[in-house]
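K.L.:
Need a 3D model of the sequence below.
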Amino acid sequence: MINETALLESKALRDSVLDRTDVLDRVKALSLLPDGMHVTTAMVATYFEVGIKAIRSLVLDHREELTANGYHVLTGSELSSFKELSGIQSRTASLAIFSRRAILNVAMLLRDSEVARQVRTYLLDVEYIARTQPVDNSVHSHSDALDDRIDQRITHILGKTVVPMFDALIATSSEHRRELIALRTGVQHIERRLRQHHARLQRLEGPRENRPLAGVMASIDAMNGPEFEEHVADLLRRDGCTDVIVRGGHGDRGVDITGRTADGRHLVAQCKRFAPYNSVTSPDIQKFIGAAKVLHKAEVALYVATCPFTRDALNIAAECGITVVHRGSLEAWSTGTELQVLK
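P.N.:
Purely as a prediction, here's the structure:
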């Protein structure tokens, strides 16, 4: 995936994503003038959490590009008309205004702003699937279809015949119980890998119109809380977890999901759908530790979030055996990579 700093250097790349003005509100709420279309220089500075001088300096260096995308300085009768139509109370002789497209342009040029960096990262996240998903123009042979049917048949036999056979042997054997459990775990791992392989093939070979146009994280950010919890639960089930139950809401005893890993360990998960510029802090982790380890006696505890974790939060999680799934890990997990702790 292209690094967000590439947008700072490439005008062609900036031009290719200028229509994605909705990203501005995804990252941070954008306040507009009463006309609902423009903002002033001061409002742009507030949005990006920088000084007004930084915005003015940027305009000076990139005025032609910004003007082409909606930056404009109003004076004279034009300013009077704008004040009357928008209801602005101002006695200035001139007023610089930015359209949403121009604000997005600023985000792709402004170096010393964390908000601008988040906008650039989000932009590329929204675009990356459209760039990276291959267009399937191949003609599939009969042998490909046969291989796929064989894989599915093997998966079915492993899940419906071999694993139950091991279950029966484990239940009636005491002498070789440990070895049998290890063999069953190996078979379940193979079955799970085959299912994941088949799911990936279906995604790649499916019709183009059924594929999402937005990036993975953009789709997740559009979910509400319950939808995000269900998404995480689906990922756990995909990776072989059983008895997965979404418990989010009142009375959840501090966890959103419970279940068991493929090898039988008790699992709990906490799901936080935060804005990407926020962070999970150490108090958040400490509260979860109490719920996961004390109330639920969990052997595997996941804290899944759509944002980064602070350094203190990461340190406390590592010390207490909490597996953190930050924004980058969540993206990889959602696109098919299995979490190490679930293997």
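
K.L.:
Show the backbone phi and psi for V304.
P.N.:
phi -100, psi 120 (degrees, to the nearest 10).

K.L.:
what about the residue lying closest to it once chain neighbours are set aside, distance to K83?
P.N.:
Closest residue to V304 apart from its sequence neighbours, by CB to CB, 6 or more residues apart in numbering: V325 at 4.3 Å. (Glycine included, C-beta is placed from N, CA and C.) As judged by CB to CB, to the nearest Å, V325 and K83 stand 50 Å apart.

K.L.:
So which residue is smack in the middle of this protein?
P.N.:
The residue lying closest to the centre of the chain (CA atoms, centre = their mean) is M217, at 2.8 Å.

K.L.:
how much distance is there from the helix or strand containing it to the middle of the chain?
P.N.:
M217 is part of helix 216-221 when elements are defined by DSSP states H and E. Between the centre of helix 216-221 and the centre of its host chain there is 5 Å, according to CA atoms, centre = their mean, to the nearest Å.

K.L.:
Remind me what the following helix or strand past it packs against, helices and strands.
P.N.:
Next helix or strand after helix 216-221 toward the C-terminus (DSSP H and E): helix 225-238. On a contact count with 3 or more CB pairs under 8 Å, 6 or more residues apart in numbering; DSSP states H and E, helix 225-238 meets helix 177-205, strand 242-246, strand 257-260, strand 266-272, helix 327-334.

K.L.:
Nearest to G290 among these would be which one?
P.N.:
Of all the helices and strands packed on helix 225-238, strand 266-272 sits nearest to G290, with 11.4 Å by CB to CB.

K.L.:
Partner strands of the closest one, with direction?
P.N.:
strand 257-260 (antiparallel), strand 300-305 (parallel) (DSSP bridges).

K.L.:
among those strands, which is the most enclosed?
P.N.:
strand 300-305 (a mean of 24; mean count of other CB atoms under 10 Å).

K.L.:
sorry, back to before: what's in contact with the helix holding M217?
P.N.:
With CB atoms under 8 Å, 6 or more residues apart in numbering as the test, helix 216-221 has contacts from 26, 122, 125-126, 129, 212, 228, 231, 273, 275-276, 306, 327, 330-331, 334-335.

K.L.:
Pull it out as PDB, backbone CA atoms only.
P.N.:
Extracted C-alpha coordinates of helix 216-221, given in PDB (Å, rounded to 0.1, in the frame of the first residue of the first chain):
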ATOM      1  CA  VAL A 216     -11.500  -2.400   4.400                       C
ATOM      2  CA  MET A 217     -11.000   0.100   7.200                       C
ATOM      3  CA  ALA A 218     -13.300   2.600   5.500                       C
ATOM      4  CA  SER A 219     -16.100   0.000   5.500                       C
ATOM      5  CA  ILE A 220     -15.400  -0.900   9.200                       C
ATOM      6  CA  ASP A 221     -15.400   2.800  10.100                       C
END
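
K.L.:
Mind checking which of V325 and K83 has more residues around it?
P.N.:
V325 (23 against 16; other CB atoms under 10 Å).

K.L.:
My guess is that one contacts W333. True?
P.N.:
Yes: V325 lies in contact with W333 (CB atoms under 8 Å); the separation is 6.5 Å.

K.L.:
shared neighbours of those two, which are they?
P.N.:
L339.

K.L.:
how close does A262 get to R238?
P.N.:
Taking CB to CB, one finds A262 at 11 Å from R238.

K.L.:
By mean pLDDT, which helix or strand of the chain comes out lowest?
P.N.:
When the helices and strands of the chain are scored by mean pLDDT, DSSP states H and E, helix 142-157 comes last with a mean of 59.

K.L.:
What's the first helix or strand after it?
P.N.:
Taking DSSP H and E, what comes next after helix 142-157 is helix 163-172.

K.L.:
And that following helix, what's buried?
P.N.:
166, 170 (16 or more other CB atoms under 10 Å).

K.L.:
mind checking how far it is from the chain centre?
P.N.:
With CA atoms, centre = their mean, you get 40 Å for helix 163-172.

K.L.:
Contacts for it, please.
P.N.:
Contacts for helix 163-172 (CB under 8 Å, 6+ apart): 177, 180-181, 183-184, 187-188, 191.

K.L.:
now these as CSV including neighbour count and pLDDT?
P.N.:
Converted to CSV, the contacts of helix 163-172 look like this (neighbours: other CB atoms under 10 Å; pLDDT from 0 to 100):
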residue, neighbour count, pLDDT
R177, 13, 76
L180, 19, 77
I181, 16, 80
L183, 15, 81
R184, 21, 78
V187, 15, 77
Q188, 19, 76
E191, 21, 72
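
K.L.:
which among these gets closest to L74?
P.N.:
E191 (66.4 Å).

K.L.:
Please report the distance of the closest one from D35.
P.N.:
Distance from E191 to D35, by CB to CB: 59 Å.

K.L.:
Read off the pLDDT value for E227.
P.N.:
At E227, the model reports a pLDDT of 90.

K.L.:
now it: how far from I220?
P.N.:
When E227 is compared with I220 (using CB to CB), they lie 9 Å apart.

K.L.:
surely L58 meets L109?
P.N.:
Yes: taking contacts as CB under 8 Å, L58 lies within contact range of L109: 5.8 Å.

K.L.:
give me the low-pLDDT residue ranges for the stretch 1-150 of the chain?
P.N.:
1-4, 86-87, 126-150 (pLDDT under 70).

K.L.:
Show me where it has its strands.
P.N.:
Under the criterion DSSP state E, counting those that start in this stretch, strands of the stretch 1-150 of the chain are mapped to 38-40, 72-75, 94-99.

K.L.:
Great, nothing more from me.
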